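Trainee: all I have is the shape, not the residue letters:
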């Protein structure tokens, strides 16, 4: 189905990671880790220190490509994920976004129609193209066997930051606005759908082999709101991407969606589902595995701990999921405290699976 | 089954709320709201201003009883819940706990055996008895038809604050300690199980009609850790309480547990399950309703918004759940921005159900 992609140097089918999207259960499964490029690596911290602000790093193709490649050199993951941030989209649209050291992102919140009117997709193209340039460099710099993942935040999750002005444990600002003024909130979501399609399209044309849509705060919504603000916008993005790039697989990551993950897969049309740390293995096995490509879901804090306990849980994941198309990953991003040698141990252990 | 309780002034069976625990589906269902006593009420803010610190308010039986009664006077809820905080337990055990205005709780974190050794149940009895005195006053001050709910935080959730030193969106400190040093973490949980049984026992003897165990951060754990740190300690508390107070119903609130809520109910032995906002109605209907008493789960932010949209969702909840034993509630606590008249409208609308 997905064979030779003439637009890139290496045929896509050479990349092991891509075979799972043709229905192959690989032993060992392909592996990459969310936030595999990041602060736990000394070589990342070195580049980060030179970059100035965090957004500077995201918008500097040479530096962003370099930090993307670092974990590939160290661990030989089956996929690299573009180094960037989900808040590049609101920043490029014209919202004031900055990252406060040790505190996380701060945005001038969008709370009304006037705030929304300040944003436009037209403004975004220069910054989006800068990111696409990183993708282009990566496609040239990566080994032929390594898949390249582009990504964006899902509209709901990006909107929680745009409306709240920062991260929060309950996303109350966005949820409240969605109830109070659903028309305004829908306009914001429409803009984010258009921006995401534009942004992902540029990444695809620049050489991304597949895409992931991060919906980190999908788990905070009642079922009817989940349908409206998580499923519907993601379905629109997937449909528009599939119309332009029918062979480009899309992984959805509706974090915290639990029993709604199955509906999410069915209704959005994604090709794979990222399972978060709290998604019970029994639910993944019974409702997702074998029906779609499953990705996940080792606890990143178990990777910090390492040792026998980590290896036993890896064995359980592999025994439960690897007989069907499966991508090994964490259930959430690597945390800064992670010892790099534990990552090496994890890769070694996963790769020993299915080999005599 | 639960008829006349000679230890209190009013027979328990007079209280409408208690009938659901004998298997009755009431129309309209009994109603109370998590955090029904709180900052959204002007009369609460008045008492709060006089109390000094937040913990002073929790430990002042006259004031704590007064704020507990305020929403009963206004709305005539079917149950009052003791005004207190889940962090009373670590405070009483000897940990330094304070509430920073606008920021939430701050604790001197327990990170090692020495920190744990500073805590003891022996220290806690005076403060626990102060809370029991509030319960006693309430039992005397409440109308005969109003049930009185005592509560504690579940060991896992309380431990996330004790180890983290504050709230967090991922409970990483406690989860990390549980992986790194499960023996130490188990000792902390053992202490919290003992303290919870002691504390709830005092509330029961002082006149609580039923109890709720709040496990607000149950949703952050992988399935195996959920079993170890959420299910197992709660089962021990329930078993010990049932041995002493066989007729006292216990509501478990494993927030964020999604598909694991059914296992939680089966394995802990609770009499009812509080469903959080994100628990899909279809899952509640298919796996919980009719098998246990269900409580929940209107989005507190929909109560802030009010109006038709709130009423429609209430109708959906009632149509789906009220044919089985059901307690109307929110899926999480009332937020401070809630207009008190929306609460009145909610109560009116719920109470119009099943009446011609």
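Mentor: Okay, I see it. This one's a predicted model, so the numbers in the text were calculated from it and none came from an experiment.

Trainee: and chain A, which of its residues are near chain B?
Mentor: A:167-170, A:172, A:175-176, A:179-180, A:219-226, A:256, A:258-260, A:277-278, A:280-283, A:297, A:299, A:301-302, A:304-305, A:309, A:313, A:331-332, A:335, A:337 (Cβ under 8 Å from any Cβ of the partner chain). The C-beta positions use only the backbone N, C-alpha and C, and glycine is treated the same way.

Trainee: how about a cut-off of 7 Å?
Mentor: Counting by Cβ under 7 Å from any Cβ of the partner chain, the residues of chain A close to chain B are A:169, A:172, A:175-176, A:179-180, A:219-223, A:258-260, A:277-278, A:280-283, A:299, A:301-302, A:304-305, A:309, A:335.

Trainee: quick one: the strands in the stretch 151-300 of chain A?
Mentor: Assigned by DSSP state E, counting those that start in this stretch, the strands in the stretch 151-300 of chain A fall at A:210-215, A:250-254, A:272-274, A:293-298.

Trainee: can you name every helix or strand that the second one contacts?
Mentor: Strand A:250-254 sits against strand A:210-215, helix A:232-244, helix A:261-268, strand A:272-274, with contacts defined as 3 or more Cβ pairs under 7 Å, 6 or more residues apart in numbering or on different chains; DSSP states H and E.

Trainee: tell me the contacts of residue A:40?
Mentor: With contact taken as Cβ atoms under 7 Å, 6 or more residues apart in numbering or on different chains, residue A:40 is in contact with A:334, A:336, A:338, A:340.

Trainee: and it, which of the three is it?
Mentor: Three-state call for residue A:40 (DSSP: H, G, I helix; E, B strand; the rest coil): coil.

Trainee: for it, what are phi and psi?
Mentor: When read as degrees, to the nearest 10, the backbone of residue A:40 gives phi -70, psi -10.

Trainee: please apply the same query to residue A:329.
Mentor: Per degrees, to the nearest 10, the backbone of residue A:329 is at phi -160, psi 180.

Trainee: tell me what it is bridged to.
Mentor: Per DSSP bridges, the residues bridged to residue A:329 are residue A:297.

Trainee: I'd like the helices and strands packed on strand A:250-254 as a markdown table, with mean pLDDT and mean neighbour count appended.
Mentor: Putting the helices and strands packed on strand A:250-254 into a markdown table (pLDDT from 0 to 100; neighbours: other Cβ atoms under 10 Å in any protein chain shown) gives the following:
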| stretch | mean pLDDT | mean neighbour count |
| --- | --- | --- |
| strand A:210-215 | 98 | 26 |
| helix A:232-244 | 98 | 18 |
| helix A:261-268 | 97 | 20 |
| strand A:272-274 | 98 | 25 |
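
Trainee: for residue A:311, what are its contacts?
Mentor: residue A:349.

Trainee: report the buried residues of the helix or strand encompassing it.
Mentor: Applying DSSP states H and E as the criterion places residue A:311 in helix A:307-321. By neighbour count on 16 or more other Cβ atoms under 10 Å in any protein chain shown, the buried set for helix A:307-321 is A:310, A:311, A:313, A:314, A:317, A:318, A:320, A:321.

Trainee: just stretch A:288-302 next, same as before
Mentor: For stretch A:288-302, by 16+ other Cβ under 10 Å, it's A:288-290, A:292-302.

Trainee: check stretch A:96-115 too.
Mentor: For stretch A:96-115, using 16+ other Cβ under 10 Å, the buried residues are A:97, A:99, A:105, A:107, A:109, A:110, A:111, A:115.

Trainee: and the residue of the stretch 251-356 of chain A nearest chain B?
Mentor: Closest contact between the stretch 251-356 of chain A and chain B, by Cβ to the nearest Cβ, is at residue A:258 (3.1 Å).

Trainee: residue B:260 is in contact with that residue, correct?
Mentor: No: with contact defined as Cβ atoms under 7 Å, residue A:258 does not count as touching residue B:260 (8.5 Å).

Trainee: burial measure for residue A:117, as a count.
Mentor: 10 (other Cβ atoms under 10 Å in any protein chain shown).

Trainee: what's the pLDDT at it?
Mentor: As predicted, residue A:117 sits at a pLDDT of 97.

Trainee: phi, psi of it?
Mentor: phi -60, psi -20.

Trainee: tell me the contacts of it?
Mentor: Here residue A:117 is in contact with no residue (Cβ under 7 Å, 6+ apart).

Trainee: what of the one 3 residues further on?
Mentor: The contact partners of residue A:120, taken as Cβ under 7 Å, 6+ apart, are A:93, A:94.

Trainee: mind checking pLDDT for it?
Mentor: pLDDT at residue A:120 comes out at 97.

Trainee: likewise residue A:11?
Mentor: 58.

Trainee: name the surrounding residues that touch stretch A:217-234.
Mentor: A:154-157, A:160, A:170-171, A:175, A:178, A:189, A:192-193, A:213, A:215, A:252, A:254-258, A:260, A:264, A:267-268, B:277-278, B:280-282, B:299.

Trainee: buried set for that stretch?
Mentor: Using 16+ other Cβ under 10 Å as the test for burial, stretch A:217-234 gives A:217-226, A:228-234.

Trainee: same check on stretch A:274-285?
Mentor: A:274, A:275, A:276, A:277, A:278, A:279, A:280, A:281, A:283, A:284.

Trainee: low-confidence bits of chain A, can you list those?
Mentor: A:1-12, A:355-356 (pLDDT under 70).

Trainee: distance between the top helix by length along it and the chain's centre?
Mentor: Ordering each helix of chain A by length in residues (DSSP state H) puts helix A:182-206 first. What separates the centre of helix A:182-206 from the centre of its chain is 16 Å, taken as Cα atoms, centre = their mean, to the nearest Å.

Trainee: other SSEs contacting that helix?
Mentor: helix A:88-93, helix A:113-117, helix A:121-141, strand A:147-153, helix A:155-164, helix A:172-180, helix A:232-244.

Trainee: what's the most buried one of those?
Mentor: Mean neighbour counts were taken over the helices and strands packed on helix A:182-206 using mean count of other Cβ atoms under 10 Å in any protein chain shown, and the top value, a mean of 27, falls to helix A:155-164.

Trainee: what angle do that one and strand A:210-215 make?
Mentor: Helix A:155-164 runs at 50 degrees relative to strand A:210-215, counting by axes from the mean of the first three to the mean of the last three Cα atoms, to 10 degrees.

Trainee: show residues contacting helix A:155-164.
Mentor: Residues contacting helix A:155-164 (Cβ under 7 Å, 6+ apart): A:86-87, A:89-90, A:95, A:105, A:107, A:109-111, A:167, A:171, A:173-174, A:177, A:188-189, A:192-193, A:196, A:214-218, A:229-230, A:233.

Trainee: related to what we said a few turns ago, now the angle from the longest helix of chain A to helix B:307-321?
Mentor: 80 degrees.

Trainee: distance of residue A:68 relative to residue B:182?
Mentor: 36 Å (Cβ to Cβ, to the nearest Å).

Trainee: which of the two has more residues huddled nearby?
Mentor: Shown here are residue A:68 and residue B:182; by other Cβ under 10 Å, residue A:68 has more neighbours (24 against 16).
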